[in-house]
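A.B. asks: Just need the structure, nothing else, for what follows:
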Amino acid sequence: MLIWLQNHIFTILIIAALIAFFGWLLYTLIRDRKKGKSSCCGSCAGCAMAGHCHPNAVKPADTPENKPEDTAEPAEEVRS
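C.D. replies: Below you'll find the model as predicted:
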């Protein structure tokens with residue numbers, strides 16, 4: 001048994017370090033979630049989930065939903 005431990009000590013240490021790191025990561029994620037923090041940076045302009053995480057937030061003015069129909073850009077003419 002001692003010989004096996006000597007032959008695999010680095011593997012055991014690496015696995016222990018990975019388990020400790022992921023345990024710490026999970027702990028901090030749970031702690032932050034309980035405190036009300038999230039991974040959101042607060043800028044919804046370039047976020048794909050803007051409408052889901054902040055449903056009451058004001059949408060940027062350049063989105064197609066907020067563009068009035070009379071100011072829509074005219075379609076390009078097709079010439080043959």
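
A.B. asks: Identify, by residue count, the longest helix of the chain.
C.D. replies: helix 9-34 (DSSP state H).

A.B. asks: list the helices and strands that helix packs on?
C.D. replies: Taking 3 or more C-beta pairs under 8 Å, 6 or more residues apart in numbering; DSSP states H and E as the contact definition, helix 9-34 has no neighbouring helices or strands. Every C-beta, even on glycine, is put in place using the N, C-alpha and C of the backbone.

A.B. asks: what number of residues lie near residue 47?
C.D. replies: 14 (other C-beta atoms under 10 Å).

A.B. asks: what pLDDT, on average, does stretch 23-33 get?
C.D. replies: If you average the pLDDT over stretch 23-33, you get 92.

A.B. asks: Export it to CSV, keeping only CA atoms.
C.D. replies: Taking C-alpha atoms only, stretch 23-33 is exported to CSV below (Å, rounded to 0.1, in the frame of the first residue of the first chain):
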residue,chain,number,x,y,z
GLY,A,23,-15.5,23.1,-3.7
TRP,A,24,-14.4,26.6,-3.1
LEU,A,25,-16.0,27.8,-6.3
LEU,A,26,-19.3,26.1,-5.5
TYR,A,27,-19.1,27.6,-2.0
THR,A,28,-18.6,31.2,-3.3
LEU,A,29,-21.3,30.8,-5.9
ILE,A,30,-23.8,29.7,-3.3
ARG,A,31,-22.7,32.4,-0.9
ASP,A,32,-23.0,35.1,-3.5
ARG,A,33,-26.5,33.8,-4.6
